[in-house]
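J.: Need a 3D model of the sequence below.
(2 chains)
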Amino acid sequence: MPEEQSTSRLEEIRAGRIAKVAKLRALGIDPYPTTFEGREPIADAREQPIDASVRVAGRIVLWRRHGGSTFAQLRDESGQLQIHLRKDVVGEERYELIKLLDVGDFLGVAGKLFTTKTGELTVGVEEFSILTKALLPLPEKWHGLTDPEIIVRKRHLAMIADATNADVLKQRAEFVRRMRAFLDGEGFIEVATPVLESIPGGADAEPFITHHNALDTDFYLRISLELAHKRLIVGGLERVYEIGRVFRNEGLGREHLQDYDLLEFYWAYADLEALKRLVERFYSSIIEGTFGTLKITYGDDELDFTPPWPEADYFELFRGIDVDLHQYPTAEALLPVAQKLGIKEAVSGMGRGRLIDVIYKRKIRPALIRPQFLVGHPVDISPLAKRDSADSSRVQRLQVLMAGSEVGNGFAELNDPLDQRERFEEQQRLREAGDKEAQRLDEEFLEALEYGMPPTAGFGVSIERFFMYLTNSPTIRDVVAFPLTRPLE
RNA sequence: GGGCCCGUAGCUCAGCGGUAGAGCAACGGACUUUUAAUCCGAUGGUCGCGGGUUCGAUCCCCGCCGGGCCCCCCA
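T.: Next up is the predicted model:
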């Protein structure tokens, strides 16, 4: 006697639904018709008066059969509406078809609005037609999906189970739309620059490597947009911006992705003060436009973006932890200070910039909660920014901070080609000393600067990072449709 | 890359050395205004994968795979 074939529940359900598809076809009904003429969004239908005829379509998300009468919930992108099917209205033969329907299927219905005795707005269905037969069952109606792995790997399913997944994506679209609208309104033009680069530049990060077959050459995926934009400024454009995907070969974490959308803009003949005022107006516009307020809640914190924002000075903050950066002009001098502060990742061989950066990120940044500018960074951590004319160890730079995190970075762009070359050479030395994220010397960029770049202010912000904080999302993956996952098998 | 935790039915979860359970969904039936509808019935499992210990492993041990949180890196 042969072993009974083990069939999983899922396979049984799927087989049962495929059989229903066949039954529908046998009855001359197409389970996958092309359209449903004259449909209106459910949200619009809900605005209609009682007794109005409506024609709506959507996914069946709830299904309650009571013999000769059946209630169901239909959901489209705009909303959800109850429908009521009655044997005596649609006819016995049509009513039998509901046995071939399942939660998850798409249905189109026409009928008149009424209110049930419990007060729920409902379509009294006169006609209905199946629009799409689903083969796989939906998650459980009460608890929905909670498995974080499925939520990330099968976002489409998570969106069906919980529409707030889709709401975040819609809100992000609005946020980005307002970014463009603001910058367009300020006379910036949107440009597109290459994703594949010979030398990745403009940021401290490890790149991804890819290969071009026809040229038989390796290329890097860009880590920022900066250098290409400055070449456009050299070329004569005065206000440019781009919203583009960048790629950084780094670890994953609650506020880190390996690919994300960076907004950068570059503004010729503007200085740091002008940039601050523009950034305040820009953030006010996109935040208030998208969320209807400038007061944002993140975790336990109330964050108010109403300008003008307070300003914190980089060197002052260090003095606040009893470190005068001017007293430690070299890495060797600074290292014992970092170690005394208990920063375990401070080791010999690190450059001065890295040491300063790690002290800042460990001891200072976590306390910068309210929206504010951070200004006056050391030149060591800002190889592309113009020096402060009053103190050449510092640069004309601003960062936007909120909730202990960076949500914006800009500076007066370094346009002295000889100084830029020296900064790159210093970065080069750091690379050779083992700093994988030190920047690379880009001859083409240096040559462009030698043709002359007007005084320029530039600014960049990670859209996902910023948006994560604005939406009070616990992790950055929550604001991305399909975050990277390890492949299965 | 390191530390801790998790993986049982399509989904949400119990069980934790002795023949694998519940709710929802699905299947058959009753029910023409329900709201997680209700009621009756019958199903459904390589207990992530591979080794080991044991008379016996979903359970204990080791390894692997996938995931989460915290570090590291970074916006």
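J.: Could you list the low-pLDDT ranges of the stretch 351-489 of chain A?
T.: Under the criterion of pLDDT under 70, the regions of the stretch 351-489 of chain A flagged as low confidence span A:489.
J.: Would you mind listing what in it touches RNA strand B?
T.: Taking CB under 7 Å from any atom of the strand as the criterion, the stretch 351-489 of chain A approaches RNA strand B at residues A:354, A:357-358, A:361-362, A:405-407, A:409, A:437, A:462, A:464-465, A:474-477, A:485-489. In short, each C-beta sits where N, CA and C put it, glycine included.
J.: 6 Å instead?
T.: By CB under 6 Å from any atom of the strand, the part of the stretch 351-489 of chain A that sits against RNA strand B consists of A:358, A:406, A:437, A:462, A:464-465, A:475, A:485-486.
J.: Just the C-alpha atoms of stretch A:248-256, please, in PDB.
T.: Extracted C-alpha coordinates of stretch A:248-256, given in PDB (Å, rounded to 0.1, in the frame of the first residue of the first chain):
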ATOM      1  CA  ARG A 248      26.900  52.200   0.800                       C
ATOM      2  CA  ASN A 249      28.500  48.900   1.600                       C
ATOM      3  CA  GLU A 250      27.800  49.000   5.400                       C
ATOM      4  CA  GLY A 251      26.100  47.100   8.100                       C
ATOM      5  CA  LEU A 252      22.300  47.100   8.600                       C
ATOM      6  CA  GLY A 253      20.700  48.700  11.600                       C
ATOM      7  CA  ARG A 254      17.700  50.500  12.900                       C
ATOM      8  CA  GLU A 255      18.700  53.700  11.100                       C
ATOM      9  CA  HIS A 256      20.900  52.300   8.200                       C
END
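J.: so how far is it from its chain's centroid?
T.: When C-alpha coordinates are averaged (CA atoms, centre = their mean, to the nearest Å), stretch A:248-256 and its chain have centres 13 Å apart.
J.: what stretches of chain A score poorly on pLDDT?
T.: A:1-7, A:489.
J.: What is the longest strand of it by residue count?
T.: For chain A, the strand reaching the highest residue count under DSSP state E is reported as strand A:53-66.
J.: Neighbouring strands - and their directions - for that one?
T.: Paired strands of strand A:53-66, with direction, are strand A:69-76 (antiparallel), strand A:106-115 (antiparallel) (DSSP bridges).
J.: Help me see whether it makes contact with RNA strand B, please.
T.: Yes - using CB under 6 Å from any atom of the strand, strand A:53-66 reaches RNA strand B at A:62-66.
J.: Between these, which sits nearest A:Leu97?
T.: Using CB to CB, A:Arg65 is the member of the residues of strand A:53-66 next to RNA strand B that lies nearest A:Leu97, at 12.5 Å.
J.: can you list the domain ranges for chain A.
T.: With automatic domain parsing serving as the domain definition, the record reports that chain A contains domains spanning A:3-138, A:165-310+A:370-479.
J.: Kindly reformat those domains as TSV containing distance to A:Phe318 and mean neighbour count.
T.: As requested, these are arranged in TSV below (distance: least, CB to CB, whole Å; neighbours: other CB atoms under 10 Å):
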stretch	distance to A:Phe318	mean neighbour count
domain A:3-138	51	15
domain A:165-310+A:370-479	9	18
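J.: All the helices of the stretch 251-400 of chain A, residue numbers only.
T.: For the stretch 251-400 of chain A, the helices defined by DSSP state H, counting those that start in this stretch cover A:272-291, A:314-320, A:331-340, A:352-359.
J.: Can you list the residue ranges for strands in the stretch 151-300 of chain A?
T.: For the stretch 151-300 of chain A, strands defined by DSSP state E, counting those that start in this stretch occupy the ranges A:189-190, A:196-197, A:209-212, A:217-221, A:239-247, A:259-268, A:295-298.
J.: Format the ones you listed as JSON lines; extra columns: distance to A:Ala134.
T.: Rendered in JSON lines, the data for those read as follows (distance: least, CB to CB, whole Å):
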{"stretch": "strand A:189-190", "distance to A:Ala134": "40"}
{"stretch": "strand A:196-197", "distance to A:Ala134": "40"}
{"stretch": "strand A:209-212", "distance to A:Ala134": "38"}
{"stretch": "strand A:217-221", "distance to A:Ala134": "37"}
{"stretch": "strand A:239-247", "distance to A:Ala134": "33"}
{"stretch": "strand A:259-268", "distance to A:Ala134": "32"}
{"stretch": "strand A:295-298", "distance to A:Ala134": "38"}
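J.: A:Asp391 bridge partners, please.
T.: A:Asp391 has the following beta-bridge partners by DSSP bridges: A:Asp388.
J.: Now do the contacts for A:Arg281.
T.: A:Arg281 makes contacts with A:182, A:307, as judged by CB atoms under 8 Å, 6 or more residues apart in numbering.
J.: How far off centre is the lengthiest helix in chain A?
T.: Secondary structure of chain A per DSSP state H: the longest helix is helix A:164-185. Distance of helix A:164-185 from its chain centroid, counting by CA atoms, centre = their mean, is 10 Å.
J.: Is it in proximity to RNA strand B?
T.: No - legend: contact between helix A:164-185 and RNA strand B by CB under 6 Å from any atom of the strand is lacking; minimum distance shown is 13.6 Å.
J.: Tabulate the CA atom coordinates of the helix or strand hosting A:Gln420 in PDB.
T.: Following DSSP states H and E, one finds A:Gln420 within helix A:417-432. Output for helix A:417-432, consisting of C-alpha atoms alone and laid out as PDB, is shown next (Å, rounded to 0.1, in the frame of the first residue of the first chain):
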ATOM      1  CA  PRO A 417      41.600  73.700  -6.100                       C
ATOM      2  CA  LEU A 418      45.000  73.700  -4.400                       C
ATOM      3  CA  ASP A 419      43.500  73.300  -0.900                       C
ATOM      4  CA  GLN A 420      41.200  70.600  -2.200                       C
ATOM      5  CA  ARG A 421      44.200  68.700  -3.600                       C
ATOM      6  CA  GLU A 422      45.900  68.900  -0.300                       C
ATOM      7  CA  ARG A 423      42.800  67.700   1.500                       C
ATOM      8  CA  PHE A 424      42.500  64.700  -0.900                       C
ATOM      9  CA  GLU A 425      46.100  63.900  -0.400                       C
ATOM     10  CA  GLU A 426      45.600  63.800   3.300                       C
ATOM     11  CA  GLN A 427      42.600  61.500   2.800                       C
ATOM     12  CA  GLN A 428      44.800  59.400   0.600                       C
ATOM     13  CA  ARG A 429      47.400  59.000   3.400                       C
ATOM     14  CA  LEU A 430      44.600  58.000   5.700                       C
ATOM     15  CA  ARG A 431      43.400  55.400   3.200                       C
ATOM     16  CA  GLU A 432      46.900  54.000   3.000                       C
END
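J.: Give me the next element, helix or strand, following that helix.
T.: Sequence-wise, the next helix or strand downstream of helix A:417-432 (DSSP H and E) is helix A:443-450.
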